[in-house]
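Peer 1: Fold the following.
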Amino acid sequence: MALAFRQPFGLEQPEKRVKPSLTIVPKTRMYVNRTMAVIVLVTIFLCGVVALRTYMAQQQMRLDTITRDIKRSRNYFDELRATRAELQSPSVLLQKARIIGMVPVWGTKVLEIPADIAAEVAATVGKVDIDVAVGGESALKEFGKVKAQIGNTP
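Peer 2: Next up is the predicted model:
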C-alpha cells in the first residue's frame, strides 16, 4: 500500500542541474601588469610636463626681471642725457663762467701768420708742422738742396 502525501507549497524538491563544461580563462595578471605600466608611464609624462612648465615659468620670470632692468637703465640714461644737455647749454655755461670771474668776448679776430715767421719759429722750437713742411718736391731733391747749402761738411 502506498500513501501519497502532499507537501506544503514552497518545499518542492530542487531540480537537478546539469554542470556546465569547463573552459580555459586567460590569466588576468597580464592585463593588470599592462594597466599598471600605462598608469606609471602616464604619471611620469605628466610629472615631466609639470617640471617643464615650472622651468619655463622660472625662465619667464628671469626674462621679465632683465627686461625691467633694461627699461630702468634706459630711463636713467635718458635722465643723465637730459642733465648733461642742461649743463652744457650756453646759458648755464655763461652763468658758471660769470661765477668764476670770466667775462664774455664780444668779438674775435683771426690773424694769419706769414710762412717765413712760422718756419723761423718751427726752426727754433725744433718741430715742424705738417702743413708747413709739405712741399711738392721729392725727398731726393730736398736732400740735394740741403747738401748744396752745407757743402761737404758732414
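Peer 1: For the spatially most central residue of the chain, give me the pLDDT.
Peer 2: Residue closest to the average C-alpha location in the chain (Cα atoms, centre = their mean): residue 66, at 8.4 Å. pLDDT, residue 66: 97.
Peer 1: name the element it belongs to?
Peer 2: helix 29-87 (DSSP states H and E).
Peer 1: what does the domain assignment say about the chain?
Peer 2: According to automatic domain parsing, the chain is divided into the following domains: 29-97, 110-146.
Peer 1: Including distance to residue 16, could those go into TSV?
Peer 2: All C-beta atoms are positioned from the backbone trio N, CA, C, and that covers glycine. Output for these, formatted as TSV (distance: least, Cβ to Cβ, whole Å):
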stretch	distance to residue 16
domain 29-97	37
domain 110-146	134
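Peer 1: Give me the distance between residue 47 and residue 53.
Peer 2: In this view, residue 47 and residue 53 are 11 Å apart by Cβ to Cβ, to the nearest Å.
Peer 1: Apologies, that question was intended for residue 115.
Peer 2: 81 Å.
Peer 1: Mind picking out the helix or strand in the chain with the poorest mean pLDDT?
Peer 2: Across the helices and strands of the chain, mean pLDDT, DSSP states H and E gives its lowest value to helix 130-133, namely a mean of 57.
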